[in-house]
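*Asks:* One predicted model, sequence on top.
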Amino acid sequence: MRKLEESLSRLVNQQADTIKFLQRRVERLEREVTLLRKALLKDLEEQTVNYREIQDRLDRLEKPILKVVLDLCRRLGRPVTYDEIIRACRVSRLFFLRDVKTETITRRVRRLKEKGLLRSPARGYFYPNINP
């Protein structure tokens, strides 16, 4: 009986230590996420292009797709994926965007990135690099 109590006590202590370790790790990761978000926003603010300066150089599909990305990033507060951009184009108020092929949308997003109007913090994620 005594061994069972000692065994249970050790198990409870081990689990308590594990929980404390994981709580400290979660706190550290939350601080890191906060710092990275601040750095991302600061980077975004420092390296933006003025939209009015470049709007004449965009073709008729790039402008609305860029506006969709801007709107999504504002609403979600984070970089967006190809799928999110495509879904937003499909339900856009701009009716002509609803009929554009998926490949065309992804190609235009890549082209906007190549022009420096979108940034990509990770593969497949995009956020605008412009001031609206």
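*Replies:* Perfect, I can see it now.
*Asks:* Quick check: which ranges of the protein have low pLDDT?
*Replies:* Per-residue confidence for the chain (pLDDT under 70) gives these ranges: 39-58, 130-132.
*Asks:* Could you rerun that using 50?
*Replies:* Scanning the chain for pLDDT under 50 picks out nothing.
*Asks:* what's the most centrally placed residue in it in contact with, if anything?
*Replies:* For the chain, the residue nearest the mean C-alpha position is residue 79 (2.4 Å; CA atoms, centre = their mean). Taking CB atoms under 8 Å, 6 or more residues apart in numbering as the criterion, residue 79 is in contact with 73, 120-122, 125-127. Quick note: C-beta positions are derived from backbone N, CA and C, even for glycine.
*Asks:* who wins for neighbours among the residues you listed?
*Replies:* Neighbour counts for the contacts of residue 79 (other CB atoms under 10 Å) peak at residue 126, which has 24 neighbours.
*Asks:* Is there a neighbour count for the residue lying closest to that residue once chain neighbours are set aside? I'd like the number.
*Replies:* By the measure of CB to CB, 6 or more residues apart in numbering, the closest residue to residue 126 outside its immediate chain neighbours is residue 118, 4.6 Å from it. By other CB under 10 Å, the residues close to residue 118 number 25.
*Asks:* Now residue 118: phi and psi?
*Replies:* phi -120, psi 150 (degrees, to the nearest 10).
*Asks:* pretty sure it is touching residue 72, no?
*Replies:* No. Between residue 118 and residue 72 there is no contact under CB atoms under 8 Å: 11.6 Å.
*Asks:* hang on, the earlier thing: quick check: the farthest pair among the contacts of residue 79?
*Replies:* Comparing every pair within the contacts of residue 79 by CB to CB identifies 73 and 122 as the most remote, at 14.2 Å.
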